[in-house]
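Novice: everything below, folded, please.
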Amino acid sequence: MLRLAAVPVALVLAGAAVVLLMGGSTAGTAAAMALLGLLAVGAVSLAFLAVGRSEDRDRAAAEAARAEAEAQAIAVERRGPLPPRRGH
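Specialist: Below is the predicted model of the structure:
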């Protein structure tokens with residue numbers, strides 16, 4: 001996930017470089033605004049990606065727990081009833 005965060009950081013650095021190199025020119029301002037727009041889209045996309053991945057992990061864990069509980073229930077059914085106790 002940290003590698004994916006490198007793209008927005010690179011866009012911030014590129015935007016800062018454009019502002020510093022181009023000064024107050026209209027083209028420099030437009031380029032910096034375009035880079036900031038890409039940064040915003042990238043940041044929101046990464047947030048959605050992080051949420052989606054965590055939901056996938058939660059879903060997989062719940063499925064594994066359900067499968068384990070189902071396997072235990074089947075094992076109990078196959079075992080059959082216990083014999084009656086003697087001597088009590």
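Novice: packing partners of the helix or strand bottoming out on mean pLDDT in the chain?
Specialist: In the chain, no helix or strand scores lower on mean pLDDT, DSSP states H and E than helix 2-22, which sits at a mean of 80. Applying 3 or more Cβ pairs under 8 Å, 6 or more residues apart in numbering; DSSP states H and E, one finds that helix 2-22 contacts helix 26-79. For the C-beta atoms, the positions are set from N, CA and C on the backbone; glycine is no exception.
Novice: pLDDT score for A40?
Specialist: A40 carries a pLDDT value of 87.
Novice: again, but for A60
Specialist: Confidence at A60, expressed as pLDDT, is 94.
Novice: same question for E55.
Specialist: With respect to pLDDT, E55 has a value of 96.
Novice: report the contact partners of L35.
Specialist: 11, 14-15, 18 (Cβ atoms under 8 Å, 6 or more residues apart in numbering).
Novice: repeat the analysis, applying 10 Å as the threshold.
Specialist: Counting by Cβ atoms under 10 Å, 6 or more residues apart in numbering, L35 touches 10-19.
Novice: buried subset of those as a ChimeraX selection?
Specialist: Only the buried entries of the contacts of L35 go into this ChimeraX selection, using 16 or more other Cβ atoms under 10 Å:
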select :11,14,15,18,19
